[in-house]
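*Asks:* Any chance you can model this:
(one chain, ligands or ions: 1)
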Amino acid sequence: MVKLVEIGQQIGEVTCPGCGRPDLPVKVNRGGNVYYFCAAIIGERNGKKEKCFTRHTFGRSASERIKAEYLEQEAINARDQVHEEKQQPPATTETTGDTHVEPPKPRAGNPILDWITG
Ligand SMILES: [Zn+2]
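*Replies:* Got it, this is the predicted structure:
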């Protein structure tokens, strides 16, 4: 089953070409295209906050490629996670019960047992 990228899901980050912000989220729009939109405040002009407002929507083929790469990476991450879960610490002797040894019972003052075994 192929996992799909959901609308509005962040599938990566880019460095904003407008303001240089390094963690600009790359998301998927309703049309299935990949886009980014930067609303970082980059300064002030006439007493008003000036925002970057750099936006870009990738074309269909570029969007499909970016989404495919994202899903591929997700699959690799999921596989790594499963692999890590399998690496559990070895079971201790307390849980296996196989190597549990009963302490020797005292034999002092039991003449009948001495007679049987001796
Ligand atoms: Zn920006």
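
*Asks:* Could you use CA atoms for every contact and neighbour count after this?
*Replies:* Will do.

*Asks:* what residues does this protein put near the ion?
*Replies:* Residues of the chain lying close to the ion by CA under 5 Å from the ion are 16, 18-19, 38, 52.

*Asks:* Might you report the residue contacts of Lys67?
*Replies:* Neighbouring residues of Lys67 by CA atoms under 8 Å, 6 or more residues apart in numbering: 5, 11, 34.

*Asks:* pretty sure the last one contacts Val26?
*Replies:* I take that to be Val34. Yes. Using CA atoms under 8 Å, Val34 is in contact with Val26, at 6.8 Å.

*Asks:* Give me the more crowded residue out of those two.
*Replies:* Using other CA atoms under 10 Å as the criterion, Val34 and Val26 rank with Val34 on top: 27 against 22.

*Asks:* Tell me which residue in this protein sits closest to the ion.
*Replies:* Nearest residue of the chain to the ion, counting by CA to the ion: Cys19, 4.0 Å away.

*Asks:* Go ahead and confirm that residue touches Lys51.
*Replies:* No. Assessed by CA under 8 Å, Cys19 is found out of contact with Lys51, at 9.2 Å.

*Asks:* list the contacts for Lys49?
*Replies:* Taking CA under 8 Å, 6+ apart as the criterion, Lys49 is in contact with 41-43.

*Asks:* which one of these has the most neighbours?
*Replies:* Ile42 (15 neighbours).

*Asks:* and that residue, which of the three is it?
*Replies:* Assigned by DSSP: H, G, I helix; E, B strand; the rest coil, the conformation of Ile42 is strand.
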